[in-house]
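Novice: I'll drop the sequence and a predicted model, then ask my questions.
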Amino acid sequence: MIVFKRIDHIHIAVAPERLEEARIFYTEVIGLELIDRPDHLFNTPGYWFNIGDAQLHLGVENPLPVSTRHTAFEVEDVVSALSYLENKVKLLEEPEIPGRRRFTFLDPFGNRIELLQILK
């Protein structure tokens, strides 16, 4: 069983040539707070924003067979969640992010989902 705590972030993607336009839209038009993004962990550019008690992650679409767009949920115990799902879903590789233990997978409909636990 997976115990969900909250939505952690939503990742949306834009064309590379429109990334700065998107940053301006989400900060100046929508009014979201731009926050630090660990750029060194990713091979594509992007921005992160606070949105209530969650975040909005904005990036450019990777030329991969699977979209980078996804929703991330914070769970109580990510190791248990992984154990529960590992033979039920297609797992995807992700870079490690300090302070978080996480994994991503595809649901049966091709949607990318991330489950994570924030480490103390």
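Specialist: Thanks, I have the structure now.

Novice: alpha carbons only for contacts and neighbour counts from here, please
Specialist: Will do.

Novice: what comes up buried for stretch 43-56?
Specialist: Gly46, Tyr47, Trp48, Phe49, Asn50, Ile51, Ala54, Gln55, Leu56 (16 or more other CA atoms under 10 Å).

Novice: how far away from the center of its chain is that stretch?
Specialist: 8 Å (CA atoms, centre = their mean, to the nearest Å).

Novice: and that stretch, C-alpha only, in CSV?
Specialist: These are the backbone C-alpha positions of stretch 43-56, laid out as CSV (Å, rounded to 0.1, in the frame of the first residue of the first chain):
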residue,chain,number,x,y,z
ASN,A,43,20.8,17.9,-19.0
THR,A,44,18.2,20.4,-20.1
PRO,A,45,17.5,24.0,-18.9
GLY,A,46,14.5,24.9,-16.8
TYR,A,47,13.1,26.9,-13.9
TRP,A,48,11.3,26.0,-10.6
PHE,A,49,8.6,28.1,-8.9
ASN,A,50,6.8,27.9,-5.6
ILE,A,51,3.1,27.4,-6.0
GLY,A,52,1.4,27.2,-2.6
ASP,A,53,2.8,24.2,-0.7
ALA,A,54,3.9,22.6,-4.0
GLN,A,55,6.1,23.6,-6.9
LEU,A,56,5.8,24.1,-10.6
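
Novice: now stretch 40-59: average pLDDT?
Specialist: For stretch 40-59, the per-residue pLDDT values average out at 92.

Novice: beta partners of the closest residue to Glu74 other than its chain neighbours?
Specialist: With CA to CA, 6 or more residues apart in numbering as the criterion, Glu74 has its nearest non-adjacent residue at 4.9 Å, and that residue is Leu116. Using DSSP bridges, the bridge partners assigned to Leu116 are Glu74, Arg102.
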